[in-house]
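A.B. asks: need coordinates for the following:
(one chain, ligands or ions: 1)
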Amino acid sequence: MRIPWVILTFMAQTISFWGAAGTVTGSRHLIETGKHKFLVDCGLFQGPREIRARNWESFPVDPQEIDAIILTHAHTDHIGYLPRLVKQGYRGPVYATQGTVGLCKISLPDGGRLQEEEARYHNKHKTSRHELAEPLYTEADAYEALKLLKTVRYFDFVDLPGKNVFRYLPAGHILGSAMAEIYFESGERINMTGDIGRYDRPIIKDPYHCDFAEYLVIESTYGNRLHDPGDAKDKIAEIMHQAYRDGSRILVPSFAIGRTQELLWYLHCLREEGNLPNMPIYVDSPMANAATLLYQQTTEDHDHDMKMDLAEGRSPFDPGMVRFVRDRNMSKSLNMAPGPFMVIAGSGMVSGGRIQHHLKAHLSDPSTILLFTGFQAQGTLGRMIMDGANEVKILGEIIPVEARVESLQMLSAHADYSEMLRWLKGFKFAPKKTFIVHGEPEASEGMKAHIESELGWDCFIPSHGQTFKLGE
Ligand SMILES: [Zn+2]
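C.D. replies: Predicted coordinates for the structure are as follows:
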């Protein structure tokens, strides 16, 4: 039977990119199927002021018209706008994996608290020229958003309105991270990768290989770069032994979700091998402590090695080796304690958190080792130190940088372009359209060039707010 053209047009889907287009934050991808609207990820814009300003713009469609939100993983640039959207009237389901739900419960209320604190601080120090600041959302707004979360297991199909369905596939990026594979009523599908992780990494499963999708939306954070091939475990061992010999303090600014747990895993492996000197390791971050517990409990994400360890009664997060600091006084007393020891504390880019207190006390000591665990964005204190600043201002005080500065860049949670191509080569046929998002412009261009030259696929780099038709 011939279907009239008018109906075909009506049935066609569209995708609009309302974030992470030409930048790495604010992932918000809106899929419309005629009558229905689905939002994949609901992320916060972070970084430069002009990018963050987008968080205050009204959402391009009425939040009440969105039928469902599908979250790929719990990084703030993928979930941090959710309480704002709920505050503006969104009341539908918010789908997420078990790990993502757990991490949302930890980080969204914390994000709301932080917004309230910042607004209070601004209003206390404002001059008459400044307007009164208000938080983007409050802790109470975050708790309202959490009520809408619905847990979905990997590989289970979930019905969406209008005979559309979706399922989650493991993405290997952080705990709970998933690609969302959405099947339209027409039978065509779109794979929204979220952030893609790496192969042969500890704790969580590798990215799941896909055979095909008519449409693909892929990230490109490292679209033009390759990771340092060095072995993280060897480097950690060398630093631990040196600190032990010299009685040094190792200060580790770390991201609470993912990086901290990976670092603990490597320390655990070194201990199992008898290659870890006997010195205390402190995790001085309430959020990292809560996330670590969740990493241990969420078994559906665990890879083979992690399962074996737990089955044999060993834990990479064993408190016998690691001490979790809960209380602020204990954190302060660590400032006075003699080395050797390691303290892992947030934030990962030294833009806040307890690591600032540790650095204020010990950055001027040449025996201190400052160990970065990941990318340091422009404008952060971490970046200034990495770039070789002689002195930095921490908590209102100028501190000379005398510590030895080291970095574990190889601990990145994002696939580089060669790992991305490995994943893409799992496809048996080319998608009709591949959209490249979540990258700085040169990274997205790099990824496009690699895909075009190695695979010959049609790639598009959407700009902010651009809409594409699917299903023609
Ligand atoms: Zn991420």
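A.B. asks: burial measure for the nearest residue to residue 200 once chain neighbours are set aside, as a count.
C.D. replies: Distance criterion C-beta to C-beta, 6 or more residues apart in numbering; nearest residue to residue 200, sequence neighbours excluded, is residue 206 at 6.9 Å. (Glycine included, C-beta is placed from N, CA and C.) Neighbourhood size, residue 206 [other C-beta atoms under 10 Å]: 16.
A.B. asks: so residue 206 is in which element?
C.D. replies: If you go by DSSP states H and E, residue 206 is not part of any helix or strand.
A.B. asks: do you know how far it is from residue 378?
C.D. replies: From residue 206 across to residue 378, the span is 31 Å (C-beta to C-beta, to the nearest Å).
A.B. asks: show me what the helix ranked longest in the chain is packed up against.
C.D. replies: The single longest helix within the chain, with elements called by DSSP state H, is helix 98-125. With contacts taken as 3 or more C-beta pairs under 8 Å, 6 or more residues apart in numbering; DSSP states H and E, helix 98-125 sits against helix 76-79, helix 82-87, helix 139-146, strand 149-151, helix 286-297.
A.B. asks: got CSV for those, with distance to the ion and mean pLDDT too?
C.D. replies: CSV is the format used below for these (distance: least, C-beta to the ion, whole Å; pLDDT from 0 to 100):
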stretch, distance to the ion, mean pLDDT
helix 76-79, 6, 94
helix 82-87, 15, 97
helix 139-146, 19, 98
strand 149-151, 18, 98
helix 286-297, 14, 93
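A.B. asks: same list (those) but as JSON lines, adding mean neighbour count.
C.D. replies: Output for the helices and strands packed on helix 98-125, formatted as JSON lines (neighbours: other C-beta atoms under 10 Å):
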{"stretch": "helix 76-79", "mean neighbour count": "24"}
{"stretch": "helix 82-87", "mean neighbour count": "24"}
{"stretch": "helix 139-146", "mean neighbour count": "19"}
{"stretch": "strand 149-151", "mean neighbour count": "16"}
{"stretch": "helix 286-297", "mean neighbour count": "20"}
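A.B. asks: distance to residue 170 added to those, as JSON lines?
C.D. replies: Below are the helices and strands packed on helix 98-125 laid out as JSON lines (distance: least, C-beta to C-beta, whole Å):
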{"stretch": "helix 76-79", "distance to residue 170": "16"}
{"stretch": "helix 82-87", "distance to residue 170": "22"}
{"stretch": "helix 139-146", "distance to residue 170": "23"}
{"stretch": "strand 149-151", "distance to residue 170": "15"}
{"stretch": "helix 286-297", "distance to residue 170": "15"}
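A.B. asks: looking at these, which is closest to residue 310?
C.D. replies: helix 286-297 (7.7 Å; C-beta to C-beta).
A.B. asks: could I get the average pLDDT for the helix or strand following that closest one?
C.D. replies: Going down the chain from helix 286-297, the next helix or strand is helix 304-311, by DSSP H and E. Helix 304-311 shows a mean pLDDT of 91.
A.B. asks: all strands for the stretch 101-250 of the chain, in order.
C.D. replies: Counting by DSSP state E, counting those that start in this stretch, the stretch 101-250 of the chain has these strands, from start to end: 149-151, 158-160, 164-170, 178-183, 189-192, 215-219, 249-253.
A.B. asks: so which of those strands gets nearest residue 49?
C.D. replies: Per C-beta to C-beta, nearest to residue 49 of the strands of the stretch 101-250 of the chain: strand 249-253, 22.9 Å.
A.B. asks: direction included, what does that closest one pair against?
C.D. replies: Partners of strand 249-253 in the sheet, by DSSP bridges, are strand 341-345 (parallel), strand 369-372 (parallel).
A.B. asks: just the angle between the longest one and helix 286-297, please?
C.D. replies: Angle of strand 341-345 versus helix 286-297, following axes from the mean of the first three to the mean of the last three C-alpha atoms, to 10 degrees, is 90 degrees.
A.B. asks: count of neighbours near the closest residue to residue 31 other than its chain neighbours?
C.D. replies: Spatially, and ignoring its direct neighbours in sequence, residue 31 is nearest to residue 38 (4.7 Å; C-beta to C-beta, 6+ apart). Residues lying near residue 38 (other C-beta under 10 Å) number 26.
A.B. asks: which secondary structure state does residue 38 sit in?
C.D. replies: strand (DSSP: H, G, I helix; E, B strand; the rest coil).
A.B. asks: quick check, it in contact with residue 164.
C.D. replies: Yes - look at residue 38 against residue 164 with C-beta atoms under 8 Å: they come within range, at 7.5 Å.
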